[in-house]
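Novice: Build me a model:
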Amino acid sequence: MHYLAIMAGGAAGVGARMFLSEWSAARFGEILPWGTFLANVFGCFLIGIISALTGPEGILPAPTLVRQTLMIGVLGGFTTYSSFTLQTLNLFTEGQVLHAGLHVVMTLFLCLFATWLGLALANLAGSWFS
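Specialist: Numbers count the residues shown, from 1 in each chain. Okay, the predicted model is just below:
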């Protein structure tokens, strides 16, 4: 049941991101990926609010399943960035500045490299079969 609730939240988040992407492309054009940008910024804003309000010290403490469904499921499906930023800020606020900095640098560069490598390998494989 636990996983089903989070997966349902993820599906809702993905649907919301798709709607926002289509809306922003129609409204602003496709020169920049505005839908992804807006989803990431808004999702980061929302994960901050939800984390603060529903945490054990928050004014609306929520059960773990509710928090996970909202933060991992809905916002995980909606954004590509919200969990990353919350975890990084938690490291900063816990005084682990070096770990937070490493997390940012490693995530940015390794994810860019991994994406490039995946594209390169797929293109190479594609050239073998064409």
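
Novice: Show me which helix runs longest in the protein.
Specialist: Longest helix of the chain, by residue count under DSSP state H: helix 97-128.

Novice: what's it packed up against?
Specialist: If you count contacts as 3 or more Cβ pairs under 8 Å, 6 or more residues apart in numbering; DSSP states H and E, helix 97-128 packs onto helix 82-93. Just so you know, the C-beta spots here come from the backbone N, C-alpha and C atoms, and that holds for glycine as well.

Novice: In the helix it packs on, which residues are buried?
Specialist: 82-86, 88, 91 (16 or more other Cβ atoms under 10 Å).

Novice: One more: stretch 61-72?
Specialist: Within stretch 61-72, the residues that qualify as buried are 62, 67-72, counting by 16+ other Cβ under 10 Å.

Novice: I'd like the mean pLDDT over stretch 93-105, please.
Specialist: The average pLDDT for stretch 93-105 rounds to 94.

Novice: who touches it?
Specialist: By Cβ atoms under 8 Å, 6 or more residues apart in numbering, the surrounding residues in contact with stretch 93-105 are 84, 87-89, 91-92.

Novice: Compile the buried residues of stretch 61-72 into a markdown table and extend it with columns for distance to residue 18 and secondary structure.
Specialist: Listed next are these as a markdown table, based on distance: Cβ to Cβ, whole Å; DSSP: H, G, I helix; E, B strand; the rest coil:
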| residue | distance to residue 18 | secondary structure |
| --- | --- | --- |
| 62 | 27 | coil |
| 67 | 24 | helix |
| 68 | 22 | helix |
| 69 | 19 | helix |
| 70 | 19 | helix |
| 71 | 20 | helix |
| 72 | 19 | helix |
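
Novice: if we can go back for a sec, between the longest helix of the chain and helix 82-93, how many degrees?
Specialist: Calculated by axes from the mean of the first three to the mean of the last three Cα atoms, to 10 degrees, helix 97-128 forms an angle of 150 degrees with helix 82-93.

Novice: Tell me the one of the contacts of stretch 93-105 nearest residue 53?
Specialist: Relative to residue 53, the closest of the contacts of stretch 93-105 is residue 89; by Cβ to Cβ it sits at 15.6 Å.
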